[in-house]
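Student: Build me a structure from this.
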Amino acid sequence: RSVAYQFRDTAPLRFSDEEKKEYEERLLKDLVEVGKKNPKVLYQNCTRYFPKFTQEGINKGYPWIVKNKMQGKYKNTYYIGSSVCFEAVECVVEYNLELLNMITK
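Tutor: Down below sits the predicted model:
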C-alpha cells in the first residue's frame, strides 16, 4: 500500500463528487504511467492545501533545482524538511535521507 498526494494551484472550499472523481481518475492514470499495476483508491480525502511551489514553479523544476543545485552552496545552507517538499512525514523523511546520501558521498 502507498499514499499518494495531488495538488492544483487552486482548489474549492468544498469538493463536489464530480471533482473528487476527476482527481481519482487522474491519480489512477498517473500511477499506471509510472508503472503501478492495477492501482486502486481505498480512501480519498480532498482538502485545500497551501503548496510551497506554484504549478508553474514545479513545471520549471524549482524543487529539483533546490535539491540538486542549491544544497550547501550558500554559506553552507541546506534546505530540508517541509520547506522544500510536501509536509507528509513520509515525504519529509525520504527527502532528508536522499539529501543526506547526496552530501555524504
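Student: tell me which element residue 75 is part of?
Tutor: Assigned by DSSP states H and E, residue 75 belongs to no helix or strand.
Student: Buried residues in the helix or strand of the chain with the lowest mean pLDDT, which are they?
Tutor: None of the helices or strands of the chain scores lower by mean pLDDT, DSSP states H and E than helix 55-59, at a mean of 84. The neighbour-count check on helix 55-59 (16 or more other C-beta atoms under 10 Å) flags nothing as buried. The way it works is simple: take the backbone N, C-alpha and C, and place the C-beta from them, glycine included.
Student: Going along the chain from that helix, find the next helix or strand for me.
Tutor: From helix 55-59, the next helix or strand downstream (DSSP H and E) is helix 62-65.
Student: quick one: average pLDDT of that next one?
Tutor: Helix 62-65 shows an average pLDDT of 88 in the prediction.
Student: Also stretch 84-102?
Tutor: Mean pLDDT, computed over stretch 84-102, is 84.
Student: quick one: contacts of that stretch?
Tutor: Stretch 84-102 has contacts (C-beta atoms under 8 Å, 6 or more residues apart in numbering) with 3, 5, 52, 63, 66, 67, 71, 78, 80, 81, 82.
Student: Could I get the buried residue list for that stretch?
Tutor: The neighbour-count check on stretch 84-102 (16+ other C-beta under 10 Å) flags 84, 85, 86, 92, 95, 99 as buried.
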